[in-house]
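Undergrad: model the following, please.
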Amino acid sequence: MDINRAVAVIEVFLDKYRGSHPGWAPVETRVNPSGDDKNAVKLWLNFGPDVAEDKLPALEQEFQDALLEAHPEVKGLTLAIRSQAF
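TA: Residues are numbered from 1 along each chain as shown. The predicted model follows:
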């Protein structure tokens, strides 16, 4: 899958996922192709100050698992997910 197409697919899925999972609600997101690796997508999530830092890895994994289940074509890419709570 083309990296730019992958970014578009992830952005659409991100919006749908956020809307259908009330407990998973980042207040700000960014999805970008990596400038270093043509097969990598960087995803940044800000869950806001009300989310504990120790919950972030589980929230990242939850999204990644759901994305790969819904869009197996993305499995060929590297997903670099980073989240913060501020």
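Undergrad: need the per-residue pLDDT for the nearest residue to residue 3 once chain neighbours are set aside.
TA: Leaving aside its chain neighbours, residue 3 sits nearest to residue 33 (4.5 Å; criterion: Cβ to Cβ, 6 or more residues apart in numbering). For every residue, glycine as well, the C-beta is placed using N, CA and C. Note on residue 33: pLDDT of 96.
Undergrad: which phi and psi does residue 33 have?
TA: Dihedral pair for residue 33: phi -70, psi 150, per degrees, to the nearest 10.
Undergrad: in which helix or strand would I find the residue lying closest to residue 26 once chain neighbours are set aside?
TA: Leaving aside its sequence neighbours, residue 26 sits nearest to residue 45 (Cβ to Cβ, 6+ apart; 4.3 Å). Using DSSP states H and E, residue 45 sits within strand 40-46.
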